[in-house]
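S.K.: need coordinates for the below:
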Amino acid sequence: MSLAVIRAIHFAAAIQVIGALLFLWIVDDAPPSDIHPAGRARSGLLAHLAILSVAAVAASGIAWFALQVTDMTEGSLTAAWTSGAVHTVLFKTHAGTIWWVRLAIVTALAIVFIGLARSRAAPRRVALIAALTLAVANLASCAWLSHAAADPGPFGALHIGVHAAHMLGASLWLGGFIPLAMLLSPAQPGRGKNDLALVHYVSVRFGSIALFAVAVIVLTGIANTVLLVQDASDLTSGAFAKLLAAKLLLLLVMVVLAGNNRQWLVPRLASAKPWDAIAWLRRSVLAELALGAAVLLIAGALGITPPGAATE
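M.R.: Prediction:
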């Protein structure tokens, strides 16, 4: 259970890095008229969120590795260290190679963040592109530590690619909930047209990205299940089937909320009296955030639960 929770926290942090950087990109691209004053104030908050998320990625990554080693050796971390198991995993296994690569990515990401904090205009855009690229690589690398990496079949490489695309689709959607809630929170009556213009612009842009992300999640989720499950009975019995069913149910509720946001609430942000829409949109985003957290917890458990009735 501890490993599943740590995996979920790590996924959430890695996803949030991408979400914060994506929103920084959107805010930076906002039209200059009436938006930049509000945008500059929000960019600082988003940058802090991204930095905190990178720190959480590093901390949870260390915890994940430690729990993975103790799980493999069926002993304590101290025993794993003194017995040489940690050294063996790090230097003599495929998983160890992936962890070294991920450490290099996170280190490079931290360095780029220093440059991003000091950059403006064109240099800032270059640093933002580099940070997003590294954040995507960090999350995608988790696919090499999943069920997909253990696929010995002829479609093993495809399985890893599909799994990585599935996680990236999730990052484009789930990663936007906290940044959007942050943008919606201070937008109260009397805050001025800058807040309103920025909230409307960002909500529309994020809505389009989320729509694409949901399509990616659905398509890659189907493909991932087909590649992972060997027998149809694995989808009807066992712990894996129950976890998958719970994940799909929560995702369905999230899609319904997202559809309501896009069709009813976001268009009302451009009305003469948008405050009710802003309040309801924020509640809906927070509800999606809570559901998304549950989905990530289930995903953390799915990654260490093999399909089949034998897992019960």
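
S.K.: who does the helix-or-strand element of the chain with minimal mean pLDDT touch, helix- and strand-wise?
M.R.: Across the helices and strands of the chain, mean confidence by mean pLDDT, DSSP states H and E is lowest for helix 77-82: a mean of 76. When contacts are defined as 3 or more Cβ pairs under 8 Å, 6 or more residues apart in numbering; DSSP states H and E, helix 77-82 sits against helix 36-73, helix 85-92. Just so you know, the C-beta spots here come from the backbone N, C-alpha and C atoms, and that holds for glycine as well.

S.K.: repeat the analysis, applying 6 Å as the threshold.
M.R.: Secondary-structure packing of helix 77-82 (3 or more Cβ pairs under 6 Å, 6 or more residues apart in numbering; DSSP states H and E): helix 36-73.

S.K.: show me what contacts A8?
M.R.: 296-297, 300 (Cβ atoms under 6 Å, 6 or more residues apart in numbering).

S.K.: quick one: it and L297, what's the gap?
M.R.: 4 Å (Cβ to Cβ, to the nearest Å).

S.K.: can you check A258 too?
M.R.: Distance, A258 to L297, using Cβ to Cβ: 20 Å.

S.K.: with M182 instead?
M.R.: If you measure M182 against L297 using Cβ to Cβ, the figure is 22 Å.

S.K.: and if you look at L244?
M.R.: 14 Å.

S.K.: can you check T220 too?
M.R.: From T220 across to L297, the span is 20 Å (Cβ to Cβ).

S.K.: convert stretch 136-156 to PDB, retaining C-alpha atoms only.
M.R.: Extracted in PDB, the C-alpha atoms of stretch 136-156 (Å, rounded to 0.1, in the frame of the first residue of the first chain):
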ATOM      1  CA  VAL A 136       7.600  15.600 -20.300                       C
ATOM      2  CA  ALA A 137      10.700  13.400 -20.400                       C
ATOM      3  CA  ASN A 138      10.500  12.900 -16.700                       C
ATOM      4  CA  LEU A 139       6.900  11.800 -16.700                       C
ATOM      5  CA  ALA A 140       7.300   9.600 -19.800                       C
ATOM      6  CA  SER A 141      10.300   7.800 -18.300                       C
ATOM      7  CA  CYS A 142       7.800   6.400 -15.700                       C
ATOM      8  CA  ALA A 143       6.600   4.100 -18.500                       C
ATOM      9  CA  TRP A 144       9.900   2.200 -18.200                       C
ATOM     10  CA  LEU A 145       9.100   1.400 -14.600                       C
ATOM     11  CA  SER A 146       5.600   0.100 -15.300                       C
ATOM     12  CA  HIS A 147       3.900  -3.100 -16.500                       C
ATOM     13  CA  ALA A 148       4.600  -2.000 -20.000                       C
ATOM     14  CA  ALA A 149       8.400  -2.300 -19.500                       C
ATOM     15  CA  ALA A 150       7.900  -5.900 -18.400                       C
ATOM     16  CA  ASP A 151       6.100  -6.900 -21.600                       C
ATOM     17  CA  PRO A 152       8.200  -9.600 -23.200                       C
ATOM     18  CA  GLY A 153       6.000  -9.800 -26.400                       C
ATOM     19  CA  PRO A 154       6.700  -8.400 -29.800                       C
ATOM     20  CA  PHE A 155       4.700  -5.300 -29.000                       C
ATOM     21  CA  GLY A 156       6.800  -4.400 -26.000                       C
END
